[in-house]
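Participant: Dropping a prediction and its sequence here:
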Amino acid sequence: MHQPVGPPFSDTLVRRLREADRVAVLTGAGISAESGVPTFRDPDGLWQRFRPEELANVEAFLANPTLVQGWYAHRRALVEDVEPNAGHRALAALERWVTARGGDFLLATQNVDGLHARAGSERLVELHGSLLRSHCIDCAAEADESADARGPLTCQACGGLVRPDVVWFGEQLPEAAFAQAEQAAALADVYLSVGTSAVVYPAAGLPLLARQAGAYVAEVNPTPSDIAGRVSEQVRGTAGEVLPALVAALGGASGIRGQESGGNDG
């Protein structure tokens, strides 16, 4: 005889969310992997096919801009060919649920694929930038992402090389974006760490900052992250499985169904 299976999260998490005035979330590659976006640390991830030091730093870009631009064009094509999943939609629904009650909400993502915005998230900061934007390294003007088959893509305004608007190895996170994420973590009543291995700092320190400031911190991940032993609750499962059930427990599931039935993800 099969025993009924309850939700993977505790009643405490649901109660704390209902009582919260401020909710903050950090997401990592795991949530996008459910949409088919390759991650960098999986056995089949992109880092297994290319050495990161060849492609993801300024020196490599200046040495071979055509190679780096081509690889990022390939990555853009991959993310443009996938759709936000139930986990992305659930976070957008959670934002609507929190803000409809007069609360504050912020989603900070380490992902560069734009899927959160396509799912409807609005109170969003992209800590590592976006694959969907490019800019000139000389004048900083936004650039057209279309490829130039005859050589490296250059700025139409000044002729400088065009690079993806992502944070490379050795670079600092965007100051304003990280400050916003840090403030949200420090003030949060509940903090969700979703689909992140918690090995890339400083973003990995945000859930710990929230915990130290008194927040109830729940990690949503199929396997324990590097900080799993230091959070309030470990919720084992994927974002696509856990988050819709969590939002449903709060009474906000209609927002997820609305996104699913709306056709275009925007």
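Facilitator: Received it, and whenever you're ready, just let me know what you need. Residues are numbered from 1 along each chain as shown.
Participant: centre of the chain versus stretch 115-122, how much separation?
Facilitator: Put simply, stretch 115-122 sits 10 Å off its chain's centre (CA atoms, centre = their mean, to the nearest Å).
Participant: try stretch 7-14
Facilitator: Using CA atoms, centre = their mean, the offset of stretch 7-14 from its chain centre is 23 Å.
Participant: same check, this time on stretch 100-120
Facilitator: That offset, for stretch 100-120, works out to 8 Å (CA atoms, centre = their mean).
Participant: Begin at 474, not 1, for the rest of this chat.
Facilitator: Yes, from this point I'll number from 474; that puts the last item at stretch 573-593.
Participant: Buried residues, it. List them.
Facilitator: Across stretch 573-593, burial judged by 16 or more other CB atoms under 10 Å covers 576-593. Where C-beta positions appear, they are placed from N, C-alpha and C, glycine not excepted.
Participant: again, but for stretch 494-506
Facilitator: Quick answer for stretch 494-506 (16+ other CB under 10 Å): 495, 496, 497, 498, 499, 500, 501, 502, 503, 504, 505, 506.
Participant: Tell me how many other residues crowd residue 572.
Facilitator: Residues near residue 572, counting by other CB atoms under 10 Å, number 14.
Participant: Wait, a helix at it?
Facilitator: Yes. Secondary structure assignment places residue 572 in a helix (DSSP: H, G, I helix; E, B strand; the rest coil).
Participant: Retrieve the pLDDT associated with it.
Facilitator: Per-residue pLDDT puts residue 572 at 97.
Participant: helix or strand right after the strand or helix carrying residue 679?
Facilitator: Counting by DSSP states H and E, the element that carries residue 679 is helix 679-685. Per DSSP H and E, helix 679-685 leads on to strand 689-694 as the next helix or strand towards the C-terminus.
Participant: Now that next one: buried residues?
Facilitator: Quick answer for strand 689-694 (16+ other CB under 10 Å): 689, 690, 691, 692, 693, 694.
Participant: Let me see the mean pLDDT of the helix or strand following that strand.
Facilitator: Counting by DSSP H and E, the element after strand 689-694 in chain order, helix or strand, is strand 706-709. Mean pLDDT, computed over strand 706-709, is 96.
Participant: Next: stretch 683-698.
Facilitator: 96.
Participant: re the thing from before, could you pick out which of the buried residues of stretch 573-593 are located in strands?
Facilitator: Secondary structure from DSSP state E places 577, 578, 579, 580, 581, 582 of the buried residues of stretch 573-593 in strands.
Participant: Taking those, tell me the two that lie furthest apart.
Facilitator: By the measure CB to CB, 577 and 582 form the most distant pair in those, at 17.3 Å.
Participant: Pick the one among the ones in strands among the buried residues of stretch 573-593 closest to residue 534.
Facilitator: When these are compared against residue 534 (criterion: CB to CB), the nearest one is residue 582, at 23.3 Å.
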